[in-house]
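Participant: no sequence on this one, just coordinates:
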């Protein structure tokens, strides 16, 4: 299986020449629209991404990624099967909302990992919500819940529907 690396850091696995050409056209267009990365003007952070496939709807300002999706935003890493990134308007280059679905993995690249079924991130407010059989891991402690809300500015985590959890000091 061949691997292609484009300027945006997007890694594509070889499918067929026709599909590759279609994806190359989409990414050429996306690069022209977004530049070498997707910038969040609020935090001045670059959102970098990779996936097996991508679809960009310029009129709606939506980038949809699927298959082994991985994005980084500052120190944060999000992995999932599907992800969509939305802007406020067609003319905006600023990502406002990120939504991910299936096999969610979230990490602060230090000491926290959270796993779940769905993720919602408000980039402007620096807020993340993860739902569905959430497992929050910090050190040797594991908290299982139905939902967690994370304020990235204050580093505060709120849990809803806690079950079978333990905290080790």
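Facilitator: Nice, I can see it. Owing to the predicted nature of the structure, the values given are computational and were not obtained by experimental measurement. Numbers count the residues shown, from 1 in each chain.
Participant: Report how many residues lie close to residue 45.
Facilitator: By other C-beta atoms under 10 Å, 18 other residues sit near residue 45. (C-beta placed from N, C-alpha, C; glycine too.)
Participant: Relative to residue 158, how far out is it?
Facilitator: Noted for residue 45: a distance of 24 Å to residue 158, by C-beta to C-beta, to the nearest Å.
Participant: likewise residue 78?
Facilitator: Distance from residue 78 to residue 158, by C-beta to C-beta: 19 Å.
Participant: element containing the closest residue to residue 102 other than its chain neighbours?
Facilitator: In space, residue 102 comes closest to residue 81 once its chain neighbours are excluded; the distance is 3.8 Å by C-beta to C-beta, 6 or more residues apart in numbering. For residue 81, the host element (DSSP states H and E) is strand 76-87.
Participant: When residue 78 and residue 158 are compared, which one has more neighbours?
Facilitator: The residue with the greater number of neighbours, taking residue 78 and residue 158 and applying other C-beta under 10 Å, is residue 78; the counts read 23 against 11.
Participant: Across the sheet, point out what pairs with the nearest residue to the more buried one once chain neighbours are set aside.
Facilitator: Closest residue in space to residue 78, ignoring its immediate chain neighbours: residue 71 at 5.0 Å, by C-beta to C-beta, 6+ apart. Bridge pairing for residue 71 (DSSP bridges) gives the partners residue 49, residue 78.
Participant: And for residue 83?
Facilitator: Residues found in beta-bridge contact with residue 83 (criterion: DSSP bridges) are residue 65, residue 100.
Participant: Might one say that it is in contact with residue 52?
Facilitator: No: under the criterion of C-beta atoms under 8 Å, residue 83 lies out of contact with residue 52, with a separation of 11.6 Å.
Participant: Pull up the overlap in contacts between the two.
Facilitator: Shared contacts of residue 83 and residue 52, defined by C-beta atoms under 8 Å, 6 or more residues apart in numbering, comprise residue 66.
Participant: Comparing the two, which residue is more hemmed in?
Facilitator: In this view residue 83 and residue 52 are compared by other C-beta under 10 Å, and residue 83 has more residues nearby, 25 against 16.
Participant: can you list the residues that contact the strand holding residue 81?
Facilitator: Contacts for strand 76-87 (C-beta under 8 Å, 6+ apart): 38, 47, 49, 51, 60-72, 93-109, 119, 121, 152.
Participant: Also stretch 153-167?
Facilitator: Outside of stretch 153-167, the residues within contact range by C-beta under 8 Å, 6+ apart are 126, 136, 141-151.
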